[in-house]
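Got a sequence here, can you model it:
(chains A and B)
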There are 2 protein chains.
Amino acid sequence: MDVGAGTGILSAFCAQAGARLVYAIEASNLATKVALDLIEDNGLTDIVKVIHSQIEEFVLPSSAEKVDIIVSEWMGFYLLHEGMLDSVLFARDNFLKPNGLLFPSECTIYVAPCSVPSLYDYWQNVDGVNMEKFASKLRLQKSTRPEITQLTSNDLLHEGIVFHWMSLLDVSTQELDEIRFKEVVATQKPGKHQGFCIWFEVRFPGEESVVLSTSPPAPETHWKQCVVVLPEESCETLDEKSPVAFQILMKRSANDARKYNLEVELLDPNVEEHPVPCSCHMTKCILTEAHLKMMDTT
Amino acid sequence: MDVGAGTGILSAFCAQAGARLVYAIEASNLATKVALDLIEDNGLTDIVKVIHSQIEEFVLPSSAEKVDIIVSEWMGFYLLHEGMLDSVLFARDNFLKPNGLLFPSECTIYVAPCSVPSLYDYWQNVDGVNMEKFASKLRLQKSTRPEITQLTSNDLLHEGIVFHWMSLLDVSTQELDEIRFKEVVATQKPGKHQGFCIWFEVRFPGEESVVLSTSPPAPETHWKQCVVVLPEESCETLDEKSPVAFQILMKRSANDARKYNLEVELLDPNVEEHPVPCSCHMTKCILTEAHLKMMDTT
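Okay, the predicted model is just below:
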């Protein structure tokens, strides 16, 4: 079953990969027409059944068995925003055989403190002209919503920590309503802390695990990354091993279940509990780390 | 004088390049504020006077002389669409000294028959799936307006011929109302003729001529190129030296003087007069060319 089949291209891939029968479920009238053409033109009408329906209203033919595999390209910005995972979970609960597979099957959301040169440093010297005040206006305009933009590895102050992980086989819709994460992370290189970069990876089942990553070093995708830009007064130039304490709240919008609100709060690393071990340069963490290492060698 | 100064960055460049006095004329309230900040932050308030005004309403200070140079970044898509050349010509007629300079000073618009793989060939085999009908829907959706897109040199069937040239020193607003061009051009390589690619170059005065080109081989700009896509039934696979006869009409919109309508008409190369010499493979052109060559050698 292909949930939200769109043009039908994933259903065609399934048929080409050997599926005996594919239900291509698509709610949009226009996309359904496109999918019908595509399946016909590729000689796949015997295998792929294009169905114009909301997944929530779809009913399997009375004699039909449940499906072995659900495929779907449901991912939104920073995984959940404007995505359609709810529909995939509905399909899983209603149409997937016990021990059936989901493609993709696992998702991980990462976060890392970062620099945002396109909103900060670039404007300090534009071919010899200082445009800092313009940049500040730009940032103000952008401060109410996260910025979907492509960063480079170089902009990251940390390779990224897992902010959320889920297996699509057992996650519930309710668990998607609110994702909270609080952490102290030690920067892995010095740099200007101007925001938090959020990206995701999805993993596909199989012997050789296939991963689609939207991280800064991975090839660019239309998802790019999601950057929450810090207000000017919160930006700091950090040394390597500086502790950055923060909390993220990713919460479903009350008005539109497919949209999420993101809240990032900077916390005081002197007050927050650090992970054990923590590679930051604060004395208690250096001592703990030394202690752990000593215990390790004895 | 900087016409439509925007952020004021060109005015700052002028000051840094040695201008004694710069009028930075900007009609937008918001941009004027940005420009005022930029000029102040770069310590240029003595040189650059930021003026919040339509150029048409601007009056030089009573004791002031006219300006030596007008700079402006006025260019729109395919040079004229959504540009503001009219304002620059108004400034030229009212505020430029005799023998004053315009930056840029000359413009050339080019056209070339081309392939448009992003709307045609790409869709024939998308990782093993034929999406031709989808592509055809895409093209239909795009057929009412030219496509602003980046082509590669490889997509061009001809390096480009000059469709229009003008010197900003003497062109009139009326001459911008309608630009017509009719030509027979011989393809310089074989390929699928699926559209016409239009781009422009502007030239700056000076001993070493500086050119800003928006051609496919030049570094990409936000202007990209303008592609008029042919309807399916007019597309043809052409040999090298095939004659392509066409007419282009670029006409100011009746509703909005800053917008242009583009009309391209394919003509019959058997009927239209070819240039002399013409490098196409039609017998009369081969004979003419041979004749000219013979006369050349005798």
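
hey, let's count contacts and neighbours off CA atoms from now on
Noted.

I'd like to know how far A:G100 sits from A:S63.
19 Å (Cα to Cα, to the nearest Å).

Which one of the two is surrounded by more residues?
The residue with more neighbours, out of A:G100 and A:S63 and counting by other Cα atoms under 10 Å in any protein chain shown, is A:G100; that gives 14 against 6.

Remind me what the helix or strand containing that one packs against, helices and strands.
A:G100 belongs to strand A:96-103 when assigned by DSSP states H and E. If contacts are counted by 3 or more Cα pairs under 8 Å, 6 or more residues apart in numbering or on different chains; DSSP states H and E, strand A:96-103 sits against strand A:67-71, strand A:195-204.

Could you report the neighbour count for the residue nearest to A:F134 when sequence neighbours are not counted?
Setting aside the residues directly before and after it, A:F134 is nearest to B:V34 in space (Cα to Cα, 6 or more residues apart in numbering or on different chains), at 5.9 Å. Applying other Cα under 10 Å, we find 19 residues neighbouring B:V34.

Could you tell me which residues make contact with B:V34?
Each residue near B:V34 by Cα atoms under 8 Å, 6 or more residues apart in numbering or on different chains is listed here: A:133-134, B:6-8.

Pick the one among these closest to A:A254.
A:F134 (34.1 Å; Cα to Cα).

Among the contacts of B:V34, which pair sits farthest apart?
Distance extremes for those: the farthest pair is A:K133 and B:G6 at 13.9 Å, using Cα to Cα.

Look at these two and report which has more neighbours.
Neighbour count, other Cα under 10 Å: between A:K133 and B:G6, B:G6 has more, with 23 against 17.

how about the nearest residue to that one once chain neighbours are set aside, phi and psi?
Spatial nearest neighbour of B:G6, excluding adjacent residues (Cα to Cα, 6+ apart): B:A31 at 5.3 Å. With angles defined as degrees, to the nearest 10, B:A31 sits at phi -60, psi -40.

One more: A:I148?
According to degrees, to the nearest 10, A:I148 has phi -90, psi 110.

List the beta-bridge partners for the closest residue to it other than its chain neighbours.
Nearest residue to A:I148 in three dimensions, chain neighbours excluded: A:C226, at 4.6 Å (Cα to Cα, 6+ apart). Legend: beta-bridge partners of A:C226 under DSSP bridges are A:I148, A:I198.

pretty sure A:C226 contacts A:L151?
No: between A:C226 and A:L151 there is no contact under Cα atoms under 8 Å: 9.3 Å.

circling back: which among the contacts of B:V34 gets closest to B:D256?
For the contacts of B:V34, the nearest to B:D256 is B:G6 (21.3 Å; Cα to Cα).

Quick check, the closest one in contact with B:L36.
No: with contact defined as Cα under 8 Å, B:G6 does not reach B:L36; the gap is 10.3 Å.

pLDDT wise, what is the spatially closest residue to A:V211 that is not a sequence neighbour at?
Spatial nearest neighbour of A:V211, excluding adjacent residues (Cα to Cα, 6+ apart): A:R203 at 4.5 Å. Looking at A:R203, its pLDDT reads 97.

and A:R203, how far is that from A:L168?
A:R203 is 10 Å from A:L168, by Cα to Cα.

same deal with A:D2?
Taking Cα to Cα as the measure, A:D2 falls 15 Å from A:L168.

Between these two, which has more neighbouring residues?
Using other Cα under 10 Å, the more surrounded residue of A:D2 and A:L168 is A:D2, with 27 against 18.

Enumerate every residue touching the more buried one.
Contacts of A:D2 (Cα under 8 Å, 6+ apart): A:10-11, A:22-25, A:70-72.

between these, which has the most around it?
A:S11 (31 neighbours).

Quick check: that residue is in a helix.
Yes: per DSSP: H, G, I helix; E, B strand; the rest coil, A:S11 lies within a helix segment.

is it true that it touches A:V3?
No: A:S11 lies out of contact with A:V3 (Cα under 8 Å); the separation is 9.4 Å.

what residues do those two have in common as contacts?
A:A24.

interface residues of the stretch 1-150 of chain A facing chain B?
Contact residues, the stretch 1-150 of chain A versus chain B (Cα under 8 Å from any Cα of the partner chain): A:7, A:9, A:12-13, A:34, A:37-38, A:41-42, A:129-134.

got a winner among these for most neighbours?
A:A12 (28 neighbours).

who touches the closest residue to A:E178 other than its chain neighbours in this structure?
Spatial nearest neighbour of A:E178, excluding adjacent residues (Cα to Cα, 6+ apart): A:K251 at 4.4 Å. Residues in contact with A:K251 (Cα under 8 Å, 6+ apart) are A:177-179, A:260-262.

now those in CSV, with neighbour count?
Supplementary listing: the contacts of A:K251 in CSV, determined by neighbours: other Cα atoms under 10 Å in any protein chain shown:
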residue, neighbour count
A:D177, 14
A:E178, 13
A:I179, 14
A:Y260, 23
A:N261, 14
A:L262, 17
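
May I see the residues you listed arranged in TSV, with secondary structure and pLDDT as well?
Shown next, in TSV, are the contacts of A:K251 (DSSP: H, G, I helix; E, B strand; the rest coil; pLDDT from 0 to 100):
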residue	secondary structure	pLDDT
A:D177	coil	96
A:E178	strand	96
A:I179	strand	96
A:Y260	strand	96
A:N261	strand	94
A:L262	strand	94
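
Can I get those in CSV including distance to B:N255?
Listed next are these as CSV, based on distance: Cα to Cα, whole Å:
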residue, distance to B:N255
A:D177, 49
A:E178, 50
A:I179, 51
A:Y260, 41
A:N261, 41
A:L262, 43
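
mind checking which helix or strand of chain A has the lowest mean pLDDT?
Here the helix or strand of chain A ranked lowest by mean pLDDT, DSSP states H and E is helix A:283-297, holding a mean of 88.

what does that one contact?
A:274, A:276-280.

go again using 6 Å as the cut-off
A:277-278 (Cα atoms under 6 Å, 6 or more residues apart in numbering or on different chains).

circling back: to B:W123, which of the helices and strands packed on strand A:96-103 lies closest?
That would be strand A:67-71 among those, by Cα to Cα, at 22.3 Å.

Specify the angle between the closest one and strand A:96-103 in degrees.
30 degrees (axes from the mean of the first three to the mean of the last three Cα atoms, to 10 degrees).

by contact count, what packs against strand A:67-71?
strand A:96-103 (3 or more Cα pairs under 6 Å, 6 or more residues apart in numbering or on different chains; DSSP states H and E).

How about A:P275, nearest residue that isn't a chain neighbour?
A:V184 (6.9 Å).

Specify the beta-bridge partners of that neighbour.
A:A245.

could you list every residue that touches it?
Shown in contact with A:V184 (Cα under 6 Å, 6+ apart): A:244-245, A:274.

out of those residues, which one sits closest to B:E236?
A:V244 (61.1 Å).

since we're on the closest one, how many residues are nearby?
22.

That one and A:L169: what is the separation?
Applying Cα to Cα to A:V244 and A:L169 gives a distance of 33 Å.

try A:P61
A:P61 is 24 Å from A:L169, by Cα to Cα.

Looking at these two, which one has more neighbours?
A:L169 (16 against 8).

Go through stretch A:216-227 and flag the buried ones.
A:216, A:223-227 (16 or more other Cα atoms under 10 Å in any protein chain shown).
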